[in-house]
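# no sequence for this one, just the structure:
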């Protein structure tokens with residue numbers, strides 16, 4: 001993968017770039033294989049969500065990602081290369097796809113900027129094959145693995161914004177047309193500095209009502225798995241709950257993303273679409289992996305309690321969480337699982353001190369975990385090793401997954417599954433798609449989950465899920 005930096009402030013006007021593109025085209029003709037050109041350019045500081053709003057189409061594939069607390073945001077649109085994969089070897093085949101793509105990429109421009117260079121965006125469903133048991137087709141548009149290199153990527157880290165444009169070059173490509181299209185894009189981006197996000201229309205608050213039949217089925221399932229835990233069939237299982245809400249107005253993912261980032265700056269706010277007029281959207285507190293310059297960071301996040309209405313109440317609830325034997329068991333299972341799985345990859349994970357992660361309406365037990373990585377270890381090998389964690393599945397994980405399929409009545413789809421990106425240098429970040437919803441037109445399917453261990457109570461677990469659903473209910477109003 002050639003890397004040809006260009007230090008010109010306006011890289012697209014540089015005659016050297018045109019000459020370099022000619023070299024790429026000659027390589028494509030000589031090899032009989034189309035090449036991918038990735039051009040990075042610093043741009044005026046703009047909001048990537050504003051860029052997404054200006055170019056949003058219900059049938060356009062895109063990926064949006066933001067962690068306001070870190071100052072990171074990225075919007076990726078279109079597909080210059082993509083694939084969908086299913087089967088038990090989906091992570092290995094996804095890794096192979098990424099490697100093939102990156103081998104044929106020529107990178108130009110300002111490659112020292114945050115989020116510069118080519119990125120491959122990926123989403124994986126919770127299961128490795130489509131869910132057919134209950135003939136639930138809501139999530140059928142999401143393949144077990146979907147990967148793509150975007151046509152356009154706009155990112156911001158603190159006050160630094162970067163544009164990445166990717167395009168295919170073969171013997172028939174018009175190089176001058178490629179440069180002209182990029183220059184028009186730069187012009188449009190410059191105009192965005194004068195704009196702000198459109199204000200959402202004011203809607204009446206939705207009177208959300210649960211489905212008594214679904215509620216009863218969930219509580220019955222919780223009691224059933226509690227009995228299994230008492231019989232030592234398993235130690236923990238996470239049961240997901242999904243409920244459908246029909247709104248009197250069409251749902252707008254851009255407005256919901258803006259609401260989520262304002263109210264949950266400490267979460268990863270995300271949305272993605274593979275087209276077909278459906279979007280998966282959420283605000284997840286759970287990071288699966290973060291890799292930067294050979295250092296891995298991951299989190300054990302399990303055990304939760306509500307936030308208090310006053311500082312005194314909040315401190316009381318926090319102390320109860322820290323002292324809860326049930327919540328401690330749930331958290332320890334996740335922490336032990338992660339360190340064991342990383343050790344099986346030949347790594348030496350280091351656990352930090354147990355902490356509290358306080359979010360807008362909930363707080364969790366949290367243990368940060370780090371490890372140094374060898375250069376040959378691909379990020380998807382780690383993702384494959386960790387997914388699904390006990391935080392979203394249970395212990396033992398294979399047994400828990402079997403019971404999940406038996407007791408859950410809808411397809412999780414992308415819920416509780418890995419979503420993220422990998423760049424050509426091996427840096428990567430994946431989150432777990434919880435606190436989320438699948439939206440299409442006027443319809444939303446909301447997801448929540450509860451970890452069931454010895455000592456769990458069906459009514460309390462159901463109440464915890466209703467608390468978690470508030471994140472998306474408020475965002476979609």
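Perfect, thanks for sending it. The structure presented is a predicted model; accordingly, all values stated were derived computationally and were not measured.

# looks like residue 315 contacts residue 305 (just checking).
No. If you go by CB atoms under 8 Å, residue 315 and residue 305 don't touch, sitting 11.4 Å apart. All C-beta spots, glycine's among them, are computed from the backbone N, C-alpha and C.

# which one's more surrounded, those two?
residue 305 (22 against 11; other CB atoms under 10 Å).

# ok but that one is inside a helix, no?
No. Counting by DSSP: H, G, I helix; E, B strand; the rest coil, residue 305 is not part of a helix but strand.

# spit out the contact partners of it.
317-318, 320-321, 324, 327, 362-363 (CB atoms under 8 Å, 6 or more residues apart in numbering).

# residues touching the nearest residue to residue 461 once chain neighbours are set aside, list them.
Distance criterion CB to CB, 6 or more residues apart in numbering; nearest residue to residue 461, sequence neighbours excluded, is residue 450 at 4.1 Å. Going by CB under 8 Å, 6+ apart, residue 450 touches 222, 238-239, 241, 456, 461-462, 464-465.

# residue 424 too?
1, 102, 105, 107, 117-119.

# domain-wise, how is this protein divided?
The record's domain parsing of the chain by automatic domain parsing lists 3-192, 212-475.

# what are the ranges of the strands in the stretch 101-250 of the chain?
105-109, 119-124, 145-149, 152-157, 160-169, 236-246 (DSSP state E, counting those that start in this stretch).

# for residue 21, which of those strands is the nearest?
strand 160-169 (6.7 Å; CB to CB).

# chain center to that closest one, what's the gap?
Relative to its chain's centre, strand 160-169 lies at 21 Å (CA atoms, centre = their mean, to the nearest Å).

# pLDDT of that strand, averaged?
The average pLDDT within strand 160-169 is 95.

# list the strands paired with that strand, with their directions.
With DSSP bridges as the test, strand 160-169 is paired with strand 35-43 (antiparallel), strand 152-157 (antiparallel).

# buried sites along the last one?
For strand 152-157, the buried set under the neighbour-count rule, 16 or more other CB atoms under 10 Å, comprises 152-156.

# ok, then the element right after the lowest-mean-pLDDT helix or strand in the chain?
In the chain, no helix or strand scores lower on mean pLDDT, DSSP states H and E than strand 3-5, which sits at a mean of 50. Sequence-wise, the next helix or strand downstream of strand 3-5 (DSSP states H and E) is helix 15-31.

# other SSEs contacting that next one?
strand 35-43, strand 105-109, strand 160-169, helix 175-192 (3 or more CB pairs under 8 Å, 6 or more residues apart in numbering; DSSP states H and E).

# what are the buried residues along that helix?
Neighbour-count burial for helix 15-31 [16+ other CB under 10 Å]: 17, 20-21, 24-25, 27-28.

# next one: stretch 174-185
175, 178-179, 182, 185.

# adding distance to residue 336, write those residues out as CSV.
Converted to CSV, those look like this (distance: CB to CB, whole Å):
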residue, distance to residue 336
175, 55
178, 52
179, 54
182, 50
185, 49
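
# just flag the most distant two among the residues you listed.
175 and 185 (15.9 Å).

# which stretches of this structure have low pLDDT?
Along the chain, the model assigns pLDDT under 70 to residues 1-14, 130-140, 199-205, 207.

# change it to 80
Judged by pLDDT under 80, the chain has its weakly predicted residues at 1-15, 58, 129-141, 194-195, 198-210, 275-276, 360-361, 409.

# now the helices: where do they sit in it?
Counting by DSSP state H, residue ranges of the helices within the chain are 15-31, 48-55, 90-103, 175-192, 212-230, 253-263, 311-323, 325-344, 379-386, 397-407, 458-475.

# packing partners of the fifth one?
Using 3+ CB pairs under 8 Å, 6+ apart as the contact criterion, the elements in contact with helix 212-230 are strand 236-246, helix 397-407, strand 443-453, helix 458-475.

# so which bits of it are buried?
218-219, 221-222, 224-226, 228-229.

# so that helix versus helix 458-475, what angle?
130 degrees (axes from the mean of the first three to the mean of the last three CA atoms, to 10 degrees).

# just how off-centre is helix 212-230 within its chain?
Worked out by CA atoms, centre = their mean, helix 212-230 lies 29 Å from the chain centre.

# could you do the longest one as well?
A distance of 22 Å separates the centroid of the chain from that of helix 325-344, by CA atoms, centre = their mean.

# other residues contacting it?
Residues from elsewhere that reach helix 325-344 (CB under 8 Å, 6+ apart): 235-236, 296, 298, 300-305, 321, 349, 351, 354, 365, 367, 369, 371, 382, 385-386, 389-391, 395, 397, 451, 453-456.

# re the thing from before, ChimeraX command for the buried members of the contacts of residue 305?
Buried residues among the contacts of residue 305 (16+ other CB under 10 Å), as a ChimeraX selection:
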select :317,318,321,324,327,362,363
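
# let me have the contacts of residue 305 in a markdown table, extended by distance to residue 245.
Listed next are those as a markdown table, based on distance: CB to CB, whole Å:
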| residue | distance to residue 245 |
| --- | --- |
| 317 | 28 |
| 318 | 31 |
| 320 | 32 |
| 321 | 29 |
| 324 | 32 |
| 327 | 29 |
| 362 | 20 |
| 363 | 26 |
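
# what is the nearest of the contacts of residue 305 to residue 476?
Taking CB to CB as the measure, residue 476 lies nearest residue 362 of the contacts of residue 305, at 18.1 Å.

# what sits against the closest one?
Contact partners of residue 362, counting by CB under 8 Å, 6+ apart, are 304-307, 467-468.

# please indicate which of the residues you listed are buried?
304-305, 467-468.

# show me which pair in the residues you listed is furthest apart.
Of all pairs in those, the most separated under CB to CB is 305 and 468 at 12.0 Å.

# distance of residue 99 relative to residue 209?
Residue 99 sits at a distance of 49 Å from residue 209 (criterion: CB to CB, to the nearest Å).

# for these two, indicate the residue with more neighbours.
The residue with more neighbours, out of residue 99 and residue 209 and counting by other CB under 10 Å, is residue 99; that gives 13 against 8.

# wait, residue 421 touches residue 122, no?
Yes. With contact defined as CB under 8 Å, residue 421 and residue 122 form a contacting pair (6.9 Å).

# of those two, who's got more company?
Legend: neighbour count by other CB under 10 Å for residue 421 and residue 122, higher for residue 122 (27 against 21).

# and the most centrally placed residue in the chain, what are its bridge partners?
Geometric centre of the chain, nearest residue: residue 419, 3.2 Å, by CA atoms, centre = their mean. Bridge pairing for residue 419 (DSSP bridges) gives the partners residue 123, residue 431.

# contacting residues around it?
Contacts of residue 419 (CB under 8 Å, 6+ apart): 122-124, 270, 272, 430-433.

# what about those, which one has the most neighbours?
Result: residue 433 is most packed of the contacts of residue 419 (other CB under 10 Å), 30 neighbours.

# returning to what we had before: could the buried residues of helix 212-230 go into JSON lines alongside distance to residue 289?
Below are the buried residues of helix 212-230 laid out as JSON lines (distance: CB to CB, whole Å):
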{"residue": "218", "distance to residue 289": "30"}
{"residue": "219", "distance to residue 289": "34"}
{"residue": "221", "distance to residue 289": "30"}
{"residue": "222", "distance to residue 289": "30"}
{"residue": "224", "distance to residue 289": "33"}
{"residue": "225", "distance to residue 289": "28"}
{"residue": "226", "distance to residue 289": "32"}
{"residue": "228", "distance to residue 289": "31"}
{"residue": "229", "distance to residue 289": "29"}
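
# kind regards, and thank you for your time.
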